[in-house]
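# Predicted model and sequence follow; I will ask about them next.
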Amino acid sequence: MKTLFKFVLKFIPRPILIKLSYLAQPLLVLFLKGTTYTDPIDGKRFRKFLPYGYEKQRENVLSPSTLSLERHRLLWLYLKNQTDFFNTPKKVLHFAPEQAFYKRFKKLKHLDYVTTDLNSPIAMVKADICNLPFDSDSFDVILCNHVLEHILEDTKAMHELYRVMRPGGLGIFQIPQDLNRALTFEDHTITDEKERAKIFGQYDHVRIYGRDYFDKLREIGFKVDEVDYTATLSNQEIDEYRLAKGEIIPVVYKS
């Protein structure tokens, strides 16, 4: 099973993978049904989750029903329990929309919901994050999760995110981050996919963010809260929802 998932992730293009996942979902939900673990996004329970990872497989982390990972379930819980996202009118910009969220957010009548990406088949607007086709001060909420580690000019992208966010707006910009690393590491001479996977953790990543990621966002102009939402949960809840204990949610605001 681990070898199969690793092969699928590495060699099947993401747009095709998204379409195939819709076909496989019902079978996975039925096969893994149980009572041990809960996906908080849809409330369904399973005896185990699926493995996931490009180079190093993580066991028991991919929800069979929503195809959510640890970071998606953490974000859902944070938005639901700590913000007014689910009950207050907002204009939302969502980069590289995740399947776990896309249909659910789109159905929320109080949201003016816009999705964008260069390649995703479920993006409404095809756009380069470094050159966005939106007016300044346009969006109340911006979700840009696990995107910036793919972008060579991430500083330029951050400036664009700041530009299109409304004053008083909120953003959540999750990234894969090594909190034991003070400084972000990047080397744009590394272009071989195998080398990138070995050094950066995934074949299409161009850096490993360190703790200085938060300061970089502050330099752009954002106010940044480094939120450890798992610290508010019990160990039992963290295990039941299959979260990564200690994962930080970068919550940003535009003054």
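Yep, it's here. Bear in mind that the values here come from a model prediction, so they are computed numbers and not experimental data.

# does residue 109 sit in a helix, a strand or a coil?
coil (DSSP: H, G, I helix; E, B strand; the rest coil).

# what's the answer for residue 78, then?
helix.

# What is the neighbour count of it?
Residue 78 has 18 neighbours, counted by other Cβ atoms under 10 Å. All C-beta atoms are positioned from the backbone trio N, CA, C, and that covers glycine.

# With residue 64 instead?
Count around residue 64 with other Cβ under 10 Å applied: 23.

# Quick one: residues contacting the nearest residue to it once chain neighbours are set aside.
By the measure of Cβ to Cβ, 6 or more residues apart in numbering, the closest residue to residue 64 outside its immediate chain neighbours is residue 28, 3.9 Å from it. Neighbouring residues of residue 28 by Cβ atoms under 8 Å, 6 or more residues apart in numbering: 50, 64-65.

# Tell me the one among the residues you listed nearest to residue 210.
Residue 210 lies nearest to residue 50 out of those, by Cβ to Cβ, at 29.5 Å.

# Hmm, residue 29 and the closest one touching each other?
No: here residue 50 does not reach residue 29: they are 11.0 Å apart, not a contact under Cβ atoms under 8 Å.

# need the contact list for the closest residue in space to residue 179 that isn't next to it in sequence.
The spatially closest residue to residue 179, leaving aside those adjacent along the chain, is residue 211, at 6.0 Å (Cβ to Cβ, 6+ apart). Contacts for residue 211 (Cβ under 8 Å, 6+ apart) come out as 177, 179, 181-183.

# Of these - the most surrounded one?
Neighbour-wise, the contacts of residue 211 (other Cβ under 10 Å) top out at residue 177, 18 neighbours.

# quick one: pLDDT of the residue nearest to residue 179?
For residue 211, the model assigns a pLDDT of 97.

# ok, now residue 19?
In this model, residue 19 carries a pLDDT of 57.

# Break down this structure into its strands, ranges please.
Taking DSSP state E as the test, the strands found in the chain are 33-38, 45-46, 50-52, 58-62, 90-95, 111-117, 125-126, 139-143, 165-172, 185-186, 207-208, 223-227, 249-253.

# Let me see the mean pLDDT of the fifth one.
To tie it back to what came earlier, the one meant is strand 90-95. Strand 90-95 carries an average pLDDT of 98.

# What are the contacting residues of it?
With Cβ under 8 Å, 6+ apart as the test, strand 90-95 has contacts from 101-102, 105, 110-117, 129, 134, 138-145, 147, 164, 166.

# can you do 6 Å?
Residues outside strand 90-95 that contact it (Cβ atoms under 6 Å, 6 or more residues apart in numbering): 111-116, 139-144, 147.

# Could you tell me the angle between that strand and strand 139-143?
Strand 90-95 and strand 139-143 are oriented at 30 degrees to each other (axes from the mean of the first three to the mean of the last three Cα atoms, to 10 degrees).

# contacting residues around stretch 220-237?
Residues contacting stretch 220-237 (Cβ under 6 Å, 6+ apart): 78, 158-159, 162, 214, 217-218, 238, 243, 245, 248-249, 251-253.
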